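>>> Give me the fold of what follows.
(chains A and B)
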Amino acid sequence: MKFYEIRDPIYGFIGLNELEMDIVNHPVFQRLRRIKQLGFTEMVYPSAKHSRFEHSLGVMDLATRLYDEIVKKNSHILKETIGLDCGELDRDRELIRLAALLHDIGHTPFSHVGENLMPTNPKTAKPYKHEHYSAAIIKEIFKDVIEDHEASVYNIKARDVAALIEGDEEILKTRFFWKVLISGQLDADRGDYLLRDSYHAGVKYGIYDVDRLINTITIGEDPETTDPILAIEEGGWHVAESLVISRYHTFTQIYFHKTRRAYDYHLTKALEDILPGKKFPPPEELEDFLKWDDWTVGYKILNSSQEDCKRIKERDHLRMVYETPEKPTEEDLNKFEKSKEVLGNIITYEDEAKNSWYKFTTTEGGDVEIYIKKENGTISPLSEYSTIVKEIGGIRQKRLYVFPEEKNDARNKLIKEGLL
Amino acid sequence: MSKATIGDAAKLVYLVDRLEDVSPQVGKTVVQKMMFLLDKKGVVNYDYSLYHYGPYSPAVENDLNYVEFLDGVEIDWIKNQGYFIKPGRSTASLEESLSTGEKGAIDGVVENFGQMRALDLSLLATVLYFWDRFEGDADGLTTAVKSVKPQYSEGDIREKIGLLKIKFFGISG
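Sure, this is the predicted structure:
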């Protein structure tokens, strides 16, 4: 089997086998080159123009290294407690690599911003998530590549790969455990984007010692339920701490930057104007869905005179005029409500960090506590070791935005009422 | 404080308050799984995903941390036992925004399931997660749950199916 290597600024080189390389070269995977990882963050950090393409390669590489370390240290737990067939660990490894490589294949243009315009899933009455599209694309479009490839030696089915992304326990059986590597508290997705987004934004906030993280990852036992959970060996608790701090910094300084969020608003409004029916096509209409990428949306913005499209082109964005602290107290929240009353209908956009915290910094299971495992096998939450972690928690900041031409008027009103 | 200000987090505070007298250990697992039962009853609205440790919502964890910051709950960790969560100094004021109906719905779930251990609630919530998909097919439901939680016996799983039938769905016989 041939082996390929791709140069990567975060890990040096990322290795791929023939099957993986053919997946990467598929036009639907190449579409990820045209979906920026951070939407319009480049309006604030001009070099943050990297795409879902290199992130997907990075997640595959990191997931593999985490998997190898877990297997090396925990074969007994994997077999006896989780019930995995240790004779199939090589197959599981390849399954995880493929799921990691394809986990973002269903992203909308401009990544998470586009998710605001997902149609409603009739089964759940909630909007679809990009994972639903990823699973549908894998099962329909990548089926032939995965199952008929001459380098496919593990008899992995496309539905197995999709199941790991969707979390389909009926297909995965005991392999369901590995979902934690794709979306969990110590998953490869977050591990990669913190490093990659920081690198491309040009900030130093998201940096953590990835080699130490890999070196100390293991499996522990939840004392409340005895369930197996991912944990960090005690010697590595500082790297776990730095991972949490990195997440806090990247969220507050990049993902929830006040100007970036203004462009998220404008882009959402622009997309509503551009998309037929104001929504992306559902996963049942993949051919139509896959026509949408940053280029097609960008072309339409370029040729539109709609107000938000115009403001994007002229960098004439909404202005934030009021915000609470990152963790507002009861008094802060009351002041926020009062500010809303004072500003009335000149408020164009009310933003809340609570919703973005999950969207931008966690995968589905991302807020699970990180646990530290001692040599004697007992575990404790990271917050028992780190007072910083204990205090950080989720960000609940709220903000009010107005049009730039209303900014001075809004601020004067707030000052007059003693709110600024 | 207005109800809209902290939303479902106020219900979480009330839940912890009500669980204190009946639960053997109000830990994070118990809170997660009880909130899942309330979600399925339509009392709260969170997004849950299934893991091998049962249904889990990061938003519940986030709300729990936030109400701790607001002194709505106190959270302690005891070595080898896990979390112990109890009402905080601001519990009463944060609960004020809840209606009698909302409190009654939480009381009902606590009355029926509040005395269960984390271990049992984790299994019960997993059974409930799959419930709709199997529409009364107890064998299929048991197999699905067993694949996620192989450490539990079929007897344990069937016992939870029976419990949910009677106490959650009100199906007799």
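
>>> Tell me which residue lies nearest the centroid of chain B.
Using CA atoms, centre = their mean, the residue of chain B that lies closest to the mean C-alpha position is B:Met34, 0.9 Å off.

>>> distance of that residue from chain A?
B:Met34 sits 13 Å away from chain A when distances are taken as CB to the nearest CB, to the nearest Å. C-betas here are computed from N, CA, C, even on glycine.

>>> Identify the residues contacting the strand or helix carrying that residue?
Using DSSP states H and E, the element containing B:Met34 is helix B:28-40. Outside of helix B:28-40, the residues that reach it under the criterion CB atoms under 8 Å, 6 or more residues apart in numbering or on different chains are A:222, A:224-225, A:369, B:11-12, B:15-16, B:19, B:23, B:44-46, B:48, B:53-57, B:60-61, B:64, B:82-83, B:85, B:105-106, B:109-110, B:113-114, B:116, B:118, B:121-122, B:124-125, B:128-129, B:168.

>>> repeat for stretch A:141-148
Contact partners of stretch A:141-148, identified using CB under 8 Å, 6+ apart, comprise A:19, A:22-23, A:26, A:28, A:98, A:102, A:105, A:138, A:152, A:156-158, A:161, A:286.

>>> which phi and psi does the residue lying closest to A:Glu323 once chain neighbours are set aside have?
Taking CB to CB, 6 or more residues apart in numbering or on different chains, and ignoring the residues beside it in sequence, A:Glu323 has A:Arg399 as its nearest neighbour in space, at 4.3 Å. Torsion angles at A:Arg399 (phi, psi; degrees, to the nearest 10) stand at phi -140, psi 150.

>>> tell me which residues form a beta bridge with A:Arg399?
As for beta bridges, A:Arg399 partners with A:Glu323, A:Asp351 under DSSP bridges.

>>> How about stretch B:93-108, which residues are buried there?
B:Leu94, B:Glu95, B:Ser97, B:Leu98, B:Glu102, B:Lys103, B:Ala105, B:Ile106, B:Gly108 (16 or more other CB atoms under 10 Å in any protein chain shown).

>>> any idea which helix or strand carries the first one?
I take that to be B:Leu94. Element membership for B:Leu94 (DSSP H and E) is helix B:91-95.

>>> Quick one: mean pLDDT over that helix.
Computed over helix B:91-95, the mean pLDDT rounds to 90.

>>> Ok, stretch A:313-322 next?
Along stretch A:313-322, the predicted confidence averages to a pLDDT of 98.

>>> Same check on stretch A:26-40?
Mean pLDDT, computed over stretch A:26-40, is 97.

>>> Tell me how far it lies from the chain's centre.
Averaging C-alpha positions (CA atoms, centre = their mean, to the nearest Å) puts stretch A:26-40 14 Å from its chain's average.

>>> same question, stretch A:138-149
So, by CA atoms, centre = their mean, the centroid of stretch A:138-149 is 25 Å from its chain's centroid.

>>> That stretch: which residues count as buried?
Along stretch A:138-149, the positions that meet the burial threshold by neighbour count (16+ other CB under 10 Å) are A:Ile138, A:Lys139, A:Glu140, A:Ile141, A:Phe142, A:Lys143, A:Val145, A:Ile146, A:His149.

>>> ok, which stretches of chain B are helices?
Taking DSSP state H as the criterion, chain B contains helices spanning B:3-6, B:9-19, B:28-40, B:58-69, B:91-95, B:100-113, B:118-134, B:138-148, B:154-163.

>>> how about these in CSV, adding distance to A:Glu241?
Putting these into CSV (distance: least, CB to CB, whole Å) gives the following:
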stretch, distance to A:Glu241
helix B:3-6, 28
helix B:9-19, 26
helix B:28-40, 20
helix B:58-69, 16
helix B:91-95, 30
helix B:100-113, 35
helix B:118-134, 26
helix B:138-148, 31
helix B:154-163, 38
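
>>> can you list the weak-confidence ranges in chain A?
Scanning chain A for pLDDT under 70 picks out the ranges A:355-368.

>>> May I ask you to name the longest helix in it?
As assigned by DSSP H, the longest helix anywhere in chain A is helix A:52-80.

>>> Please say whether there is contact between that helix and chain B.
No: with CB under 8 Å from any CB of the partner chain as the measure, helix A:52-80 is seen stopping short of chain B, the closest distance being 9.9 Å.

>>> any idea how far the residue nearest to A:Glu350 when sequence neighbours are not counted is from chain B?
Leaving aside its sequence neighbours, A:Glu350 sits nearest to A:Leu400 (CB to CB, 6+ apart; 5.9 Å). Distance of A:Leu400 to chain B, computed by CB to the nearest CB: 15 Å.

>>> thought A:Leu400 was touching A:Arg319?
No: because the distance of 9.9 Å does not satisfy CB atoms under 8 Å, A:Leu400 is recorded as not touching A:Arg319.

>>> Count the residues that sit near the residue nearest to B:Lys11 when sequence neighbours are not counted.
The shortest distance from B:Lys11 to any non-neighbouring residue, by CB to CB, 6+ apart, is to B:Val44 (5.5 Å). B:Val44: 25 surrounding residues under other CB atoms under 10 Å in any protein chain shown.

>>> hang on, B:Val44 packs against B:Ala10?
No: B:Val44 lies out of contact with B:Ala10 (CB under 8 Å); the separation is 10.0 Å.

>>> rewinding a little: which members of the contacts of stretch A:141-148 are classed as buried?
By neighbour count, with 16+ other CB under 10 Å, the contacts of stretch A:141-148 hold A:19, A:22-23, A:28, A:98, A:102, A:105, A:138, A:152, A:156-158, A:161, A:286 as buried.

>>> These: which two are farthest apart?
By the measure CB to CB, A:Ser152 and A:Leu286 form the most distant pair in the buried ones among the contacts of stretch A:141-148, at 22.6 Å.

>>> quick one: the helix or strand hosting A:Ile14 to helix A:52-80, angle?
Secondary-structure assignment from DSSP H and E places A:Ile14 in strand A:12-17. Counting by axes from the mean of the first three to the mean of the last three CA atoms, to 10 degrees, strand A:12-17 lies at 70 degrees to helix A:52-80.

>>> between the buried residues of stretch B:93-108, which is closest to chain A?
Sorting these by distance to chain A puts B:Leu94 at the head of the list, at 8.3 Å, by CB to the nearest CB.

>>> thinking again about what came up before, tell me the pLDDT of the residue nearest to B:Lys11.
According to the model, B:Val44 scores 94 on pLDDT.

>>> Repeat that for B:Tyr66.
Here the pLDDT value assigned to B:Tyr66 is 89.

>>> Report how many residues lie close to it.
Here the number of neighbours of B:Tyr66 (other CB under 10 Å) works out to 21.

>>> And it, how far from A:Glu330?
Distance, B:Tyr66 to A:Glu330, by CB to CB, to the nearest Å: 11 Å.

>>> and the nearest residue to A:Thr174 once chain neighbours are set aside, what element?
Once its chain neighbours are removed from consideration, A:Thr174 has its nearest residue in A:Gly83; the separation is 4.3 Å (CB to CB, 6+ apart). A:Gly83 belongs to no helix or strand when elements are defined using DSSP H and E.

>>> Could you do A:Asn215 as well?
helix A:210-216.

>>> Give the other helices and strands that that helix contacts.
Helix A:210-216 sits against helix A:52-80, helix A:188-201, strand A:228-233, helix A:237-250, with contacts defined as 3 or more CB pairs under 8 Å, 6 or more residues apart in numbering or on different chains; DSSP states H and E.

>>> try 6 Å
Taking 3 or more CB pairs under 6 Å, 6 or more residues apart in numbering or on different chains; DSSP states H and E as the contact definition, the neighbouring helices and strands of helix A:210-216 are helix A:52-80.

>>> Alpha carbons only: can I get stretch A:398-414 in CSV?
As requested, the backbone C-alpha atoms of stretch A:398-414 are provided in CSV (Å, rounded to 0.1, in the frame of the first residue of the first chain):
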residue,chain,number,x,y,z
LYS,A,398,-24.6,39.4,26.9
ARG,A,399,-24.2,42.2,24.4
LEU,A,400,-26.3,44.8,22.6
TYR,A,401,-25.5,46.1,19.1
VAL,A,402,-26.7,49.1,17.1
PHE,A,403,-26.1,50.4,13.6
PRO,A,404,-22.9,52.5,13.5
GLU,A,405,-24.8,55.6,12.8
GLU,A,406,-26.8,55.1,16.1
LYS,A,407,-23.7,54.4,18.3
ASN,A,408,-23.2,57.8,19.8
ASP,A,409,-26.9,58.3,20.4
ALA,A,410,-27.1,54.9,22.1
ARG,A,411,-24.1,55.5,24.3
ASN,A,412,-25.4,59.0,25.4
LYS,A,413,-28.7,57.4,26.4
LEU,A,414,-26.9,54.8,28.5
